[in-house]
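Peer 1: quick check, what structure comes out for this input:
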Amino acid sequence: MSSAAEQEAVEAVSNAAEAVRSGRAVPVPQIDGRLKERPNGQVRGQVVRVHTRPGAPVWPGSSHPLGARFHHGPDGTAGTNFALWAQGAEAVEVCLFDEAGAETRCTLTEHTHEIWHGFVPGVRPGQRYGFRVHGRWDPWTGARYNPAKLLLDPYARAVDGDFTLPPEVYAHVRDWPQQYIADTVRDDRDSAPFVPKGVVVHDDDDWADDVRPKTPWADSVIYELHVRGFTMRHPGIPEELRGTYAGLAHPAAIEHLTRLGVTAVELLPVHQFAHEDHLLRRGLRNYWGYNSIGYFAPHAGYSASGTAGQQVGEFKRMVRALHAAGIEVILDVVYNHTAEAGELGPTLSLRGIDNRGYYRLQSDQRRYSDYTGCGNTLHAGRPHVLRLITDSLRYWVTEMGVDGFRFDLAAALARSMHDVDMLSPFLAVIAQDPVLRRVKLIAEPWDVGSGGYQVGAFPPLWTEWNDRYRDAVRDFWRGALPDVRDLGYRLSGSSDLYAWGGRRPYASVNFVTAHDGFTLRDLVTYERKHNDGNGEANRDGTNDNRSWNCGAEGESDDPRIGVLRRRQLRNLLTTLLLSTGVPMLVAGDEFGRTQDGNNNAYCQDNETGWVDWSLLEDPAWQSLFALASRLIALRHAHPVLRRRAFFSGRSQGADGLRDLAWFTPAGAEMTERDWYAPAGALGMYLSGRDIPGRDERGRQVTDDSFLALLHSGDRPVAWVLPQAPWAEEYEVVLDTSSEAQADPPRTRHRGGRTLTVPARSVLLLRVVS
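Peer 2: Alright, predicted model coming up:
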């Protein structure tokens with residue numbers, strides 16, 4: 001294009017921008033791929049020629065199911081049926097690629113209920129493919145069709161290749177000099193050589209040999225882990241399996257999980273995802289995976305066996321191995337947005353298939369409604385988007401064997417038109433689905449939009465990440481709570497949030513740390529984030545850490561600081577695992593994993609983000625692991641610690657003993673005035689006599705009774721133990737002031753006696769008589 005022609009195009013786009021502001025309609029310029037070389041050496045618009053073969057024969061096929069399904073046609077001919085929902089498209093081609101990258105285009109001529117479909121004889125499992133979708137290029141009205149861009153099938157069950165995001169994968173001219181209108185200038189360069197392809201997969205596994213653990217919610221202990229990060233440095237896993245599904249299925253990985261005693265792993269995203277352009281430019285990668293682009297495909301980067309469909313079988317073998325060990329598999333899923341980002345993002349799949357149909361757009365339809373902070377938001381209120389999401393969820397349950405889901409930014413999915421609506425189509429569809437309503441459903445109950453914070457508001461069937469639990473426990477142990485009211489609610493199941501509509505204490509997923517934020521060790525080592533390695537000048541990540549470094553920022557050689565930090569870790573772990581609700585641990589927190597103060601390690605696919613297993617060689621961290629496993633075993637052994645119903649706080653017998661009681665260090669029950677008074681100590685009595693419900697044989701559930709004494713002050717406190725009717729005698733089960741946590745001597749104390757509770761510690765006592 002000549003300099004004059006290029007200037008003409010710039011002026012045309014400027015005129016178009018002005019037209020939108022004034023309400024006039026104008027044509028939008030296209031770039032034909034022949035822009036001159038820029039002074040910086042970038043070649044703009046050079047078309048990459050790809051050999052294209054004549055189209056193969058296409059039979060009508062079927063509009064159901066969506067995606068690519070291998071089967072035998074009406075006369076027994078083997079082939080694959082392709083079906084793609086693309087409401088506003090004018091034509092759709094399925095593009096088949098051989099090993100050399102040569103492309104064969106097949107036009108899907110059948111169009112049923114907005115679904116383009118056709119059966120291609122001879123296409124077998126292992127075939128790599130994508131779609132090209134023809135239609136109007138009119139960003140001003142939200143139409144962004146561009147057949148030069150090869151699009152990933154939203155229903156692809158396997159993906160082969162990486163997303164590298166060169167300029168060719170953008171439907172607009174990414175490097176257009178006037179960035180504010182760049183998204184309106186179409187780029188006609190072929191993206192096929194630069195994007196991954198879907199893979200036809202055929203698998204008739206019926207899971208007949210698999211036994212799901214089906215752990216009740218109240219008995220669950222969740223362990224959040226990253227497939228790659230958990231296995232990359234594990235010395236017991238063969239090097240060729242590290243970082244993969246096969247690595248997580250290895251006996252060495254599973255042995256750690258069973259020793260610890262967790263009942264479920266919650267895997268950070270394993271849907272196929274892409275790396276963001278801004279990270280790739282800085283030499284980094286998206287490590288966590290919250291940038292999904294393929295909702296049916298296991299992320300190919302975690303496969304040890306291959307990416308031409310082998311990743312599907314490898315994932316299933318991992319699930320089977322975990323099930324055989326009694327461990328459920330919960331997936332962290334990201335249906336709120338995709339890797340295509342905002343209007344300046346790449347065109348990889350849904351944007352090119354039907355931008356207006358899949359995404360929430362603003363009244364200015366060039367722009368996206370962004371309730372996620374990631375540039376776009378899927379419109380989960382529309383039937384075809386709901387179908388995509390629920391088809392994906394059912395696939396992972398019925399064909400991939402998983403046991404539940406944690407929904408990232410779930411409030412974004414629950415929005416109807418604009419506001420979060422607990423009667424929204426998404427929640428209504430989940431509630432009536434015969435498959436999905438029977439699996440574990442966990443909401444991250446917020447998004448970044450107005451009114452997005454919805455902790456405690458999700459309907460029955462759902463559990464929620466309870467960040468109010470996190471904040472209260474962190475604040476208590478750093479001495480920042482003004483009183484103990486909030487702590488009392490959090491320890492006893494958060495009835496103020498969840499005791500409505502038939503919800504139970506296990507609606508609260510209790511956590512002190514998660515993947516997002518400080519590790520447990522960093523929580524007691526740093527007060528400020530140290531995210532310079534992310535390349536964003538330490539601007540990313542939250543500043544609201546609610547952490548205390550115990551007197552020195554970062555690692556310290558001072559033995560007194562080391563002792564205090566380890567005690568604080570024991571306090572936090574003990575509080576978490578004694579609280580009513582469902583506890584969630586983060587991989588490595590049980591033996592002191594650190595990220596060196598990075599509280600947003602989303603792009604740290606390196607030793608910062610990976611679990612360091614060498615820590616288990618240190619006796620200090622062995623002791624912390626021993627405590628965590630002891631606490632989980634204690635929880636499994638005592639139903640009073642995993643109640644299925646909220647405490648009533650009322651007397652259940654003539655002796656006046658209640659199922660839950662609160663005590664001051666004076667040995668007196670808490671009064672209304674005590675709850676509002678400044679305090680750093682709280683006693684919690686749990687009665688094992690008054691547990692509601694029955695066991696599977698209809699027998700009344702009974703258990704020991706316990707007294708937990710939590711003291712966050714910096715000086716020891718004299719504590720009078722409650723006497724009859726609460727107890728005649730107590731036995732110390734656990735004392736976090738002790739470094740040794742194997743099985744301490746169980747000293748006994750009479751009710752009414754004064755006991756010294758060490759500074760910053762938890763004492764757990766069992767009622768003996």
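Peer 1: contacts only, for the closest residue to Pro196 other than its chain neighbours.
Peer 2: Spatially, and ignoring its direct neighbours in sequence, Pro196 is nearest to Gly161 (3.3 Å; Cβ to Cβ, 6 or more residues apart in numbering). For the C-beta atoms, the positions are set from N, CA and C on the backbone; glycine is no exception. Residues near Gly161 by Cβ atoms under 8 Å, 6 or more residues apart in numbering: Val195, Pro196, Lys197, Ala300, Thr307.
Peer 1: for the residue lying closest to Ser648 once chain neighbours are set aside, grab phi and psi.
Peer 2: The shortest distance from Ser648 to any non-neighbouring residue, by Cβ to Cβ, 6+ apart, is to Asp659 (5.9 Å). Dihedral pair for Asp659: phi -70, psi -20, per degrees, to the nearest 10.
Peer 1: for Glu729, same thing?
Peer 2: In terms of degrees, to the nearest 10, the main-chain angles of Glu729 are phi -150, psi 150.
Peer 1: bridging residues for it?
Peer 2: Arg750 (DSSP bridges).
Peer 1: where does the stretch 651-769 of the chain have low pLDDT?
Peer 2: For the stretch 651-769 of the chain, the stretches with pLDDT under 70 are 654, 741-744.
Peer 1: apart from its chain neighbours, what residue comes closest to Gln127?
Peer 2: Using Cβ to Cβ, 6+ apart, the nearest residue to Gln127 is Val200, at 4.4 Å.
Peer 1: what number of residues lie near the one you found?
Peer 2: Counted with other Cβ atoms under 10 Å, the neighbours of Val200 add up to 26.
Peer 1: tell me the spacing between it and Gly130.
Peer 2: 12 Å (Cβ to Cβ, to the nearest Å).
Peer 1: now swap in Val484 and tell me
Peer 2: For Val484, the distance to Gly130 - Cβ to Cβ - is 59 Å.
Peer 1: and what of Pro60?
Peer 2: Computed as Cβ to Cβ, the Pro60 to Gly130 distance reads 21 Å.
Peer 1: more crowded one of the two?
Peer 2: Applying other Cβ under 10 Å to Pro60 and Gly130 shows that Gly130 carries more neighbours, namely 24 against 14.
Peer 1: wait, is the more buried one part of a strand?
Peer 2: Yes - assigned with DSSP: H, G, I helix; E, B strand; the rest coil, Gly130 falls within a strand.
Peer 1: show the model's pLDDT score for it.
Peer 2: Gly130 carries a pLDDT value of 98.
Peer 1: so, low pLDDT: which residues of the protein?
Peer 2: Those would be 1-55, 654, 741-744, if you go by pLDDT under 70 across the chain.
Peer 1: who are the contact partners of Leu572?
Peer 2: Applying Cβ under 8 Å, 6+ apart, the residues near Leu572 are Val473, Arg474, Trp477, Val512, Leu520, Leu523, Val524.
Peer 1: now the fifth one. Nearest residue, chain neighbours left out?
Peer 2: Just to be clear, that refers to Leu520. Nearest residue to Leu520, sequence neighbours excluded (Cβ to Cβ, 6+ apart): Asp589, at 3.9 Å.
Peer 1: and Arg282, by the same measure?
Peer 2: Residue nearest to Arg282 in three dimensions, not counting chain neighbours: Gly535, with 4.4 Å by Cβ to Cβ, 6+ apart.
Peer 1: quick one: the helices in the stretch 251-400 of the chain, in order.
Peer 2: In the stretch 251-400 of the chain, the helices defined using DSSP state H, counting those that start in this stretch lie at 251-260, 277-281, 310-324, 350-358, 383-398.
Peer 1: report the central residue of the protein.
Peer 2: The centre of the chain sits closest to Asp332, judged by Cα atoms, centre = their mean, with a distance of 3.3 Å.
Peer 1: among the contacts of Leu572, which two are most distant?
Peer 2: With Cβ to Cβ as the measure, no two of the contacts of Leu572 lie farther apart than Val473 and Val524, at 12.6 Å.
Peer 1: tell me, how many residues neighbour Asn606?
Peer 2: Residues lying near Asn606 (other Cβ under 10 Å) number 14.
Peer 1: next one: Arg105
Peer 2: So Arg105, with other Cβ under 10 Å, has 15 neighbours.
Peer 1: direction included, what does the one helix or strand it maps to pair up with?
Peer 2: Taking DSSP states H and E as the criterion, Arg105 maps to strand 103-107. As defined by DSSP bridges, the strand partners of strand 103-107 come to strand 52-53 (parallel), strand 91-97 (antiparallel).
Peer 1: start to end distance for stretch 109-117?
Peer 2: Counting by Cα to Cα, to the nearest Å, you get 7 Å between the two ends of stretch 109-117.
Peer 1: how many other residues sit next to Arg504?
Peer 2: Neighbours around Arg504, by other Cβ under 10 Å: 19.
Peer 1: give me the phi and psi for Asp138.
Peer 2: phi -150, psi 70.
Peer 1: ok, it to Leu241 distance?
Peer 2: 49 Å.
Peer 1: who has more neighbours out of these two?
Peer 2: Leu241 (20 against 17).
Peer 1: my guess is Val402 meets Ile327, correct?
Peer 2: No - the criterion here is Cβ atoms under 8 Å, and Val402 misses it with Ile327 at 11.7 Å.
Peer 1: which of the two has more neighbours?
Peer 2: A side-by-side neighbour count of Val402 and Ile327, using other Cβ under 10 Å, places Val402 first with 25 against 20.
Peer 1: buried set for stretch 219-235?
Peer 2: Of the residues in stretch 219-235, 220-232, 234 count as buried by neighbour count, 16 or more other Cβ atoms under 10 Å.
Peer 1: what's the closest non-adjacent residue to His113?
Peer 2: Ser63 (6.3 Å).
Peer 1: could you do Gly517 as well?
Peer 2: Nearest residue to Gly517 in three dimensions, chain neighbours excluded: Asn599, at 5.1 Å (Cβ to Cβ, 6+ apart).
Peer 1: does the residue nearest to His113 count as helix, strand or coil?
Peer 2: coil.
Peer 1: quick one, what contacts it?
Peer 2: Applying Cβ under 8 Å, 6+ apart to Ser63 gives the contacts Ala83, Glu110, Thr112, His113, Ile115, His117.
Peer 1: redo that, cut-off 6 Å
Peer 2: By Cβ atoms under 6 Å, 6 or more residues apart in numbering, Ser63 lies in contact with Ala83, Thr112, Ile115, His117.
Peer 1: likewise for Val757?
Peer 2: Going by Cβ under 6 Å, 6+ apart, the list of residues near Val757 reads Leu709, His711, Val717, Trp719, Leu763.
Peer 1: give the contact list for the fourth one.
Peer 2: Residues in contact with Trp719, defined by Cβ under 6 Å, 6+ apart, are Pro665, Leu709, Leu755, Val757.
Peer 1: repeat for the last one
Peer 2: Under the criterion of Cβ under 6 Å, 6+ apart, the contact list for Leu763 reads Leu709, Asp735, Val757.
Peer 1: fine by me, thanks again.
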